[in-house]
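J.: what would the 3D arrangement of this be:
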Amino acid sequence: MSTDVSSGTVAGGNTGPPKAAHHRWWMGYAGLSLALLVAYFAAAGAGLAQALIFAASNLAAVVAILVGIRMNRPTCPGAWYLLAAGQAAYLVGNVCWYVIAAAEGRATVFPSPVVEIFLFSYLLNALALLRLIRARRAGRDWSALLDALIVTIAFTSAYFVLLVAPLLAASQISRYAQVLAGVYPFLDMVFFLLATRLFFGAGTSRRALAPLAAWAAALFLADVTYGLQQVQGVGEDGDWLFYGYLASFLFVGVAALHPSMRDIAAHREQADVAGRLRLVALGLCGLAVPVLVVDSVRDGQRIEPIVLSCASAIMFILLMLRVGDLLSKIVTAGRREHTQLQQFLEAIPIGVDVRDAATGRPVYVNQVAGRILGYDPGQVFVPAELPNLYSGGTDEPLPPERLPATLARQGQVVTADDIEVERDAQRRQLRVVATPIRDGEQVRYVLTAFADITEERRMAEELRQLSVIDELTGVNNRRGFLLAARNELALAERACRPGVLLFIDLDGLKKINDTYGHGVGDHALESASKLLRANIRRRDVLGRIGGDEFCVLLTEASRLSDVDLWAGRLREQVARHNDTSRQPYRLALTVGATIFDHDTPDTVEELIARADAAMYQAREQDEGQDSEGPVRILGPTVSRD
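T.: Next up, the predicted model:
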């Protein structure tokens, strides 16, 4: 059965929050308990009447707890049932110890034959508090409780040695009674500690635990006082300390009937982390009990060593549990951080390969590395044997001495963009960074991170193409032509090699656009660029530098006959195109040429200006004359014969 605290509904069809009329039942119970307390006071001297009132108050507490469970439906009902069982066992003990003795007209004795029943009730009450503490903890964290138990054992041992033991030594009670008188302070202290631990770990729901804390305090004070009185032989039935027990019955019943009992387990406490100061304090507490044992044995005491030895054994167990808890937290934290780091490394889109610097054996390899390389590098124990790695742009396997991981083992941080891997019969380009991981001055591990940058390079090339390539014709645009031409001019100057720059204008493009539309005009530009591209060599540079203007840098034309030969081929190709094309236009090109050599170096812009002037001169000379064909060319050194 699960409970939704926020809505007040209980899974399984149970009703939710108690009715408003039930909210004040705890007040009625408190009034009843106070009335029984007054009656107990009024019946002073009447042993049986007082005993019956005492038992009735105890019985009322049992009934109140059961009614509270039924009415309030707490989030942790098991703890409250244990509490009811503890009060019921306490009732049985009181009847056997107090009521029967009063009915028989005799005083109660210590130790009573039913003392084991009282001990059993303490056990049930302690288990109930532990269940509530456990329900409030976030996970299986008992460290705060263990710390409190260790401190309690230390202080209770000192309390026993300094206060209880001297009284026991002077008393005339039996050995068994002395042992019980020594054990009870420990039980009382542990029980009170649990309630205190529950109360001070309550956070914002502390008000709901106030009645439980008051119940534990009243029972603790009454029990400790009663034990001391019995050891001293001064206690009497019905004296003032019995009102402490009656107060405990009142508070435990109020705690069960108050509506806030539903929220006791709702608040979640966070896991406890021990600091250095707390660990030192716990260590000192652990030494306190053995020191007290040695001191009691030296003084020849008989009871103290027995009780303190038991306390020492309990202290040892608690300390071992605390050490185990601390080690478990350290291991758990380490595993959690390792898991988180592994999750981070698996989530990033980068291959990660960590290897031992001395042996080269893999320490950690993420799954992304396998997807990038096409195989699991964690199965390759020698880095030099990683397959399918090549030097960029070649068919040469990457030499082992050039592996970034090999260089990083020598203490270098290495970055490489010229490594390729063959995967699925395709070459993929990699960017690799290898860095040494040091322990002091020694390189202990090598971390290699790599990414597939094939698509990145492709996109970069596409962007480069977009910046230097004319979208319509597919040849260089003005920027691309200038960049390529400057490079070729520099090479020609170093090689003392002459060349020719041609400025080409597509005649009549405006008329074609106006007459047939821009789509036909675009087709004319595409046709012209194809003819020009077919008429140049591999090293020549072609570009569209304006709307209807092209430039060609003939890097291997060193004689006038080369230019005439080029112009003749172009005339033939343009004439053939005009004869075979189904387009309504006829292509015509006007070309201006200028020659450059190493003796008269010029910039690309100067050469274009000279060739442009030659082109206009060729056009003016043909005005009103028969053209020599679809291509007319003129330059300072180019004939028209």
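J.: tally of neighbours for the residue nearest to residue 473 when sequence neighbours are not counted?
T.: In space, residue 473 comes closest to residue 529 once its chain neighbours are excluded; the distance is 3.7 Å by C-beta to C-beta, 6 or more residues apart in numbering. For the C-beta atoms, the positions are set from N, CA and C on the backbone; glycine is no exception. Here the neighbour count serves as a burial measure; for residue 529 (other C-beta atoms under 10 Å) it reads 21.
J.: which helix or strand contains residue 529?
T.: If you go by DSSP states H and E, residue 529 is part of helix 518-534.
J.: surely residue 593 meets residue 500?
T.: Yes. Under the criterion of C-beta atoms under 8 Å, residue 593 lies in contact with residue 500, with a separation of 5.7 Å.
J.: flag every buried residue along the helix or strand that contains residue 60.
T.: According to DSSP H and E, residue 60 maps onto helix 47-72. Going by neighbour count (16 or more other C-beta atoms under 10 Å), the buried part of helix 47-72 is 47-62, 64-69, 71-72.
J.: same deal with stretch 527-547?
T.: For stretch 527-547, the buried set under the neighbour-count rule, 16+ other C-beta under 10 Å, comprises 527-529, 531-532, 535-536, 540-545.
J.: domain assignment for this protein?
T.: 22-327, 351-453, 469-634 (automatic domain parsing).
J.: those domains: lowest mean pLDDT?
T.: Sorting the domains of the chain by mean pLDDT places domain 22-327 lowest, at a mean of 75.
J.: how near is the residue nearest to residue 473 to residue 544?
T.: Distance of residue 529 to residue 544, given as C-beta to C-beta, to the nearest Å: 7 Å.
J.: what residues are shared contacts of these two?
T.: The overlap between the contact sets of residue 529 and residue 544 (C-beta atoms under 8 Å, 6 or more residues apart in numbering) consists of 470, 473, 475, 550.
J.: of the residues you listed - the most surrounded one?
T.: Neighbour tally across those (other C-beta under 10 Å): the maximum, 26 neighbours, falls on residue 550.
J.: secondary structure class for it?
T.: When the structure is split into helix, strand and coil by DSSP: H, G, I helix; E, B strand; the rest coil, residue 550 lands in strand.
J.: distance of it relative to residue 587?
T.: From residue 550 over to residue 587 the distance is 12 Å, taken as C-beta to C-beta.
J.: element containing residue 88, please.
T.: Going by DSSP H and E, residue 88 is part of helix 77-94.
J.: next: residue 472.
T.: Using DSSP H and E, residue 472 maps to neither a helix nor a strand.
J.: skip ahead from the helix holding residue 88 and say which helix or strand is next.
T.: Moving toward the C-terminus from helix 77-94, the next helix or strand (DSSP H and E) is helix 100-103.
J.: C-terminal to that next one, what's the next element?
T.: Under the assignment DSSP H and E, the closest C-terminal helix or strand after helix 100-103 is helix 115-136.
J.: what's that following helix packed up against?
T.: Helix 115-136 makes packing contacts with helix 77-94, helix 175-200 when contacts are defined by 3 or more C-beta pairs under 8 Å, 6 or more residues apart in numbering; DSSP states H and E.
J.: buried residues, that helix. List them.
T.: By neighbour count, and taking 16+ other C-beta under 10 Å as the criterion, the buried residues in helix 115-136 are 115, 117-118, 120-133, 135-136.
J.: my read is that the residue nearest to residue 473 contacts residue 476, right?
T.: No. In this structure residue 529 lies outside contact range of residue 476 using C-beta under 8 Å: 10.2 Å.
J.: what sits in contact with each of the two?
T.: Shared contacts of residue 529 and residue 476 (C-beta under 8 Å, 6+ apart): 470, 542, 544.
J.: just those: which are in strands?
T.: Residues from these lying in strands, with DSSP state E as the criterion: 542, 544.
J.: just checking, residue 259 touches residue 73?
T.: No. In this structure, residue 259 sits apart from residue 73 without contact. The criterion is C-beta under 8 Å, and the distance is 10.3 Å.
J.: neighbouring contacts of the biggest strand by length in the chain?
T.: With residue count as the measure and DSSP E as the assignment, the chain has strand 426-439 as its longest strand. By C-beta under 8 Å, 6+ apart, the residues outside strand 426-439 that reach it are 354, 357, 372, 390, 392, 403-405, 407-409, 411-417, 419-422, 443-454, 457.
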